[in-house]
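A.B. asks: give me coordinates for this.
(2 chains)
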There are 2 protein chains.
Amino acid sequence: MSEPEPTPPQTLLQIVAECDNFVVPPSASVSGKAEEEALASWHLFPDASSPALGLIRPIILAQLKLETTNSWKFWTHNNVDKVSFADHIKTPKERSSIMKELCERWRDQGLWPGQIGPKKWRGEMYPIYRHPFGKLDAPLGSEGNGDDIEDDSRNYAFRMERSACALFGTVTYGVHMTVYQDDPEKATRNEQGALENESCRIWVPKRAKTKQTWPGYLDNSVAGGITCGITPFECAVKEAMEEASIPEDIVAKYAKSVGCVSYFYRTNAGWLQPEVEYVFHLRVPLEVQLQLTPLDGEVESFECLPLKEVVAKVRSGLFKPNCAIVIIDFLIHQGYLTPENEPDFLEIMTRIHGRFGYERW
Amino acid sequence: MSEPEPTPPQTLLQIVAECDNFVVPPSASVSGKAEEEALASWHLFPDASSPALGLIRPIILAQLKLETTNSWKFWTHNNVDKVSFADHIKTPKERSSIMKELCERWRDQGLWPGQIGPKKWRGEMYPIYRHPFGKLDAPLGSEGNGDDIEDDSRNYAFRMERSACALFGTVTYGVHMTVYQDDPEKATRNEQGALENESCRIWVPKRAKTKQTWPGYLDNSVAGGITCGITPFECAVKEAMEEASIPEDIVAKYAKSVGCVSYFYRTNAGWLQPEVEYVFHLRVPLEVQLQLTPLDGEVESFECLPLKEVVAKVRSGLFKPNCAIVIIDFLIHQGYLTPENEPDFLEIMTRIHGRFGYERW
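C.D. replies: Predicted coordinates for the structure are as follows:
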């Protein structure tokens, strides 16, 4: 595949809007007409008060209606199509089992090969939660895997194949870590308080050309999806080694949790991908020698770039869009991007901490 | 007035929910019934595509309908009452003039004395924006005051008396700054990466017992509303001196813009107060002697409290609710509160960066 071409410089809001590019419509418009493609909602229980786990496109709803497994229930409420697990399906274990069989069968039948075909299949299990911003209490290592859970008292509802999540519009979770070095003594402030620091450099990987998504684009220093069984911090430690060869003791000593970003991405093909990314900063003191190098083949190469150059590449569209958002969050967090030097400061801040609107369905 | 009493310890989400306590309902529910009190929306122009500036309670709508000034236009759209300036009102200057006359007359007539009565009147002008997260381009000092503006090409739409904003449900803007000292060498990390630092102390003021709102409650080190004509950073500098006697050069040297919080607060009496607060951190190195002292009478006293004690007071409901949110944002920003040690991490992060939902009206 070819390298991405730089775009003419864009505003940071334009960059944010490439990633946070979808607003969930009201569950039914006042006129009763659906907006664009009519989405159905997917619920845990066949009950109007059960919160939506995801939004489902008409082609997926139609396919589910062909199922003969007696695992599904369909109904409508306020003219919106609804689908849930059938009444007798009550535990994470049962739901995980149904989803496993369904997703593997659809894959083997060749349905949606661009999403769950052999080349797209991840073989990684993602947790699905009742409330996407509630306690992320998927079972951890010592509790066995999520397939075993028969008790349905957690926020954790079940688990499913990573690549199939976009077919069902469920929220997925990841970790993004910015690894940087700077000399705080070199920081200067302009008259309106914005910081500048010529010494600040960020480690920027280029994604391998063989990646299924966004090949050749720039990425955050360390990033990965949170599969069932690990915490965000454990995920950061694991990905730091796997993607960038950063020793565990360096992450344990210098990584700092600084918040999260959340945004609603709809792919060009129409798939729904609301995402939450926990954000970590790893500031390595200048006196510590650190060289990020690819390990698992996800990354082609690393460069340690001056902050200004990173921002220029963000504006030129060379970063994977959600990674650009994490860089913008870094700029705000560190005092480089302020209400005075960024006209879209508030729009950016609220857009990158979105709530998806599923609670209204 | 009496001192606030500490509550039994609450979760941080409960504390957040005391401040972010209102969700704007859909502009019309599917059944056509209004939820609770039927709110009307206030627009700049008599046009369904004009974004809502605020939400108005039925008693205010009824009062506006008694106006004989020919300045207002009323209509309904999708069964929702709408009010806007009349067609011939087209400039910030005209709108500011109408609002000034109206608010002063209502005050003098004794309407809503708990909001705009003589004891509540602030004599401060707040900017109103077309898009509340757009460019905050109210005229600055050198451009004259907002009363003068005849050109309507800005995001700035007009200005009005601060105390009247809640009558119209418009978004208001402020600055909150946390002044703290710590020894970074004393920071420790637990196994899941959360920071602790026994040396971290925050300057915490107690609000004067004579304050109209939240007397005797704890506050952020420096806080104030952004009136027309100043930038967030200028506001931080001004309030730091006025409220806490912090010299301008200290703010200029150490203050850092770190983002913002936004939340929708509805008062016990039912008034609507969506608020945006720009957040600054002022970390004063340990070797710098700094004593915060009250200057303008808004604050009764200052204490420099260990972080743990500050958190305990937040949980006990002793902070003004929106100031508690700023402390929680500080804990997240600095790595003290993490996805691993706070079960409501995501709910808190997304609730304190809310978008109000006016764009759906």
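A.B. asks: A:Thr213: neighbouring residues, count only.
C.D. replies: Neighbour count for A:Thr213, taken as other C-beta atoms under 10 Å in any protein chain shown: 9. Placement of C-beta: from N, CA and C, glycine included.
A.B. asks: quick one: it and A:Ser163, what's the gap?
C.D. replies: According to C-beta to C-beta, to the nearest Å, A:Thr213 and A:Ser163 sit 10 Å apart.
A.B. asks: what helix or strand does A:Asp310 sit in?
C.D. replies: No, residue A:310 isn't Asp; it's Val. Using DSSP states H and E, A:Val310 maps to helix A:307-315.
A.B. asks: restrict whichever helix or strand comes after that helix to CA atoms and write it as CSV.
C.D. replies: Moving toward the C-terminus from helix A:307-315, the next helix or strand (DSSP H and E) is helix A:321-333. Output of helix A:321-333 as CSV, limited to C-alpha atoms (Å, rounded to 0.1, in the frame of the first residue of the first chain):
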residue,chain,number,x,y,z
PRO,A,321,-7.1,10.4,13.3
ASN,A,322,-7.6,9.0,16.8
CYS,A,323,-3.9,9.4,17.5
ALA,A,324,-4.1,13.0,16.4
ILE,A,325,-6.7,13.5,19.1
VAL,A,326,-4.4,12.1,21.7
ILE,A,327,-1.6,14.5,20.6
ILE,A,328,-4.1,17.4,20.8
ASP,A,329,-5.1,16.3,24.3
PHE,A,330,-1.4,16.3,25.2
LEU,A,331,-1.0,19.9,23.9
ILE,A,332,-3.9,21.0,26.1
HIS,A,333,-2.8,19.0,29.1
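A.B. asks: do helix A:321-333 and chain B meet at all?
C.D. replies: Yes: using C-beta under 8 Å from any C-beta of the partner chain, a contact is recorded between helix A:321-333 and chain B, made by A:332-333.
A.B. asks: elements contacting the helix or strand following that helix?
C.D. replies: Remark: after helix A:321-333, the chain's next helix or strand is helix A:345-351, criterion DSSP H and E. Applying 3 or more C-beta pairs under 8 Å, 6 or more residues apart in numbering or on different chains; DSSP states H and E, we find helix A:345-351 packed against helix A:12-19, helix A:321-333, strand B:255-266.
A.B. asks: what does helix A:345-351 contact?
C.D. replies: A:12-13, A:16-17, A:20, A:263, A:328, A:332, A:337-339, A:342, B:131-134, B:136, B:259-260, B:262, B:276, B:353-355 (C-beta atoms under 8 Å, 6 or more residues apart in numbering or on different chains).
A.B. asks: ok, now which ones touch A:Ala38?
C.D. replies: A:58, A:80-81.
A.B. asks: could I have the buried ones of these as ChimeraX selection syntax?
C.D. replies: A single ChimeraX command is used to select the members of those judged buried by 16 or more other C-beta atoms under 10 Å in any protein chain shown:
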select /A:80,81
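A.B. asks: where does confidence bottom out across the contacts of A:Ala38?
C.D. replies: Ranked by pLDDT, the contacts of A:Ala38 bottom out at A:Val80 (89).
A.B. asks: for that residue, give the beta-bridge partners.
C.D. replies: A:His77 (DSSP bridges).
A.B. asks: in chain A, which residue is closest to the centre?
C.D. replies: The residue lying closest to the centre of chain A (C-alpha atoms, centre = their mean) is A:Glu275, at 3.5 Å.
A.B. asks: what's the burial count for the residue nearest to that one when sequence neighbours are not counted?
C.D. replies: Excluding the flanking residues, the one nearest A:Glu275 by C-beta to C-beta, 6 or more residues apart in numbering or on different chains is A:Thr172, at 5.5 Å. A count of neighbours around A:Thr172, defined by other C-beta under 10 Å, yields 18.
A.B. asks: which ones are touching A:Thr172?
C.D. replies: The contact partners of A:Thr172, taken as C-beta under 8 Å, 6+ apart, are A:126, A:162, A:165, A:225, A:273-276.
A.B. asks: sketch out the low-pLDDT regions of the stretch 1-150 of chain A for me.
C.D. replies: Counting by pLDDT under 70, the stretch 1-150 of chain A has low-confidence residues at A:1-2, A:28-35.
A.B. asks: quick check: residues of it near chain B?
C.D. replies: Checking the stretch 1-150 of chain A against chain B by C-beta under 8 Å from any C-beta, the hits are A:26-28, A:30, A:78-79, A:131-137.
A.B. asks: most widely separated two among those residues?
C.D. replies: A:Val30 and A:Asp137 (37.9 Å; C-beta to C-beta).
A.B. asks: A:Ala62 is in what secondary structure piece?
C.D. replies: Following DSSP H and E, one finds A:Ala62 within helix A:58-65.
A.B. asks: what are the contacting residues of that helix?
C.D. replies: Here helix A:58-65 makes contact (C-beta under 8 Å, 6+ apart) with A:37-40, A:56, A:72, A:74, A:81, A:83, A:106, A:111, A:167-168.
A.B. asks: which among those count as buried?
C.D. replies: A:39-40, A:56, A:72, A:81, A:83, A:106, A:111, A:167-168.
A.B. asks: please list all residues in contact with the closest residue to A:Pro113 other than its chain neighbours.
C.D. replies: In space, and not counting its chain neighbours, A:Pro113 is closest to A:Lys120: 7.1 Å by C-beta to C-beta, 6+ apart. When contacts are counted by C-beta under 8 Å, 6+ apart, A:Lys120 touches A:113-114, A:163, A:212.
A.B. asks: repeat that for A:Pro118.
C.D. replies: Contacts of A:Pro118 (C-beta under 8 Å, 6+ apart): A:Arg107.
A.B. asks: can you tell me how far it is from A:Glu104?
C.D. replies: According to C-beta to C-beta, A:Pro118 and A:Glu104 sit 11 Å apart.
A.B. asks: centre of the chain to stretch A:249-262, how far?
C.D. replies: Centroid separation for stretch A:249-262 versus its chain: 17 Å, with C-alpha atoms, centre = their mean, to the nearest Å.
A.B. asks: endpoints of it, how far apart?
C.D. replies: For stretch A:249-262, the first-to-last residue distance is 29 Å (C-alpha to C-alpha, to the nearest Å).
A.B. asks: quick one, strands of the stretch 151-300 of chain A?
C.D. replies: Secondary structure of the stretch 151-300 of chain A (DSSP state E, counting those that start in this stretch): strands at A:156-161, A:172-181, A:188-189, A:195-196, A:201-207, A:222-225, A:255-266, A:272-283, A:299-306.
A.B. asks: which stretch in these has the least confidence?
C.D. replies: Looking at the strands of the stretch 151-300 of chain A, the lowest mean pLDDT belongs to strand A:188-189 (a mean of 93).
A.B. asks: what's that one packed up against?
C.D. replies: In terms of contacts (3+ C-beta pairs under 8 Å, 6+ apart), strand A:188-189 is packed against strand A:195-196.
A.B. asks: if we use 10 Å, what do you get?
C.D. replies: Under the contact definition 3 or more C-beta pairs under 10 Å, 6 or more residues apart in numbering or on different chains; DSSP states H and E, strand A:188-189 sits against strand A:195-196, helix B:248-254.
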